[in-house]
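S.K.: give me a 3D structure for the following:
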Amino acid sequence: MRVSFDVDDTLVCREPGAPPDVEHRFSRWFSEPLSRGTRALVQELRHRGCSIWIYTSSLRSPFHIRLWLFLHGIRVDGVVNDDRHRRKLSGRRFERLPSKYPPAFDIDLHVDDSEGVRMEAEEHGFRVVIVRPDDDHWAQKVLDALGPTHMA
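M.R.: The predicted model follows:
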C-alpha cells in the first residue's frame, strides 16, 4: 500500500506551542520542524509493509524533501511536488485541475490537512485522511484509516 503525506501543516509543524518530533535543527536550509510522532508513524507504516510517499503542492525540489526527511531518519519511496503533479496530469481531462490526485501515482491513501483536498477526494474518488496540525492523535488517525487488513 502506498501512503502519501502533504508537507505544510501535516509533516511540517508550525503550530505555535506544538512540540516538534525532534528538538534540533540542521541548518537554515532544513529548519522546518517535523510534526511530533512522524518518525514513529513512518516506522509503523513500514512495519505494515507500506510504501511512503510525499505529495505536496509546493515547489520544493524532490531532492530537498528527501534530504530534509533523511536528516530526520525518514526514507521516502517517492516525491510528487507541484511540477511533477502538473506534468503528470497535463493530458487528463478535469473540469478544474485538482491540487492533488493520488491515483495518478498509484497512491492508495493520502494524508493532508486541507479541507479542499478532502472535497477533491470526494469529487474524484480517492482516499484521504484529514489531520489537523494541533491534533496530538493525528498519527493514530492515519493508522486507523489503513484498516485491519494492513496490520502486520
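
S.K.: distance of the nearest residue to residue 46 once chain neighbours are set aside from residue 42?
M.R.: Distances taken as C-beta to C-beta, 6 or more residues apart in numbering put residue 52 closest to residue 46, at 6.9 Å, once the chain neighbours are dropped. (Each C-beta comes from the backbone N, C-alpha and C, glycine too.) Residue 52 is 6 Å from residue 42, where distance means C-beta to C-beta, to the nearest Å.

S.K.: what element comes up after the one helix or strand the residue nearest to residue 46 maps to heading to the C-terminus?
M.R.: Using DSSP states H and E, residue 52 sits in strand 51-55. Sequence-wise, the next helix or strand beyond strand 51-55 is helix 62-71, with elements assigned using DSSP H and E.

S.K.: any idea which helix or strand of the chain has the worst average confidence?
M.R.: helix 62-71 (a mean of 92; mean pLDDT, DSSP states H and E).

S.K.: low-scoring pLDDT stretches of this structure, where are they?
M.R.: Within the chain, the set of residues satisfying pLDDT under 70 comprises 14-31, 149-152.

S.K.: let's see 80
M.R.: Residue ranges of the chain with pLDDT under 80: 13-33, 133, 148-152.

S.K.: nearest spatial neighbour of residue 86, skipping sequence neighbours?
M.R.: Once flanking residues are discounted, residue 86 sits nearest to residue 97: 7.6 Å by C-beta to C-beta, 6+ apart.
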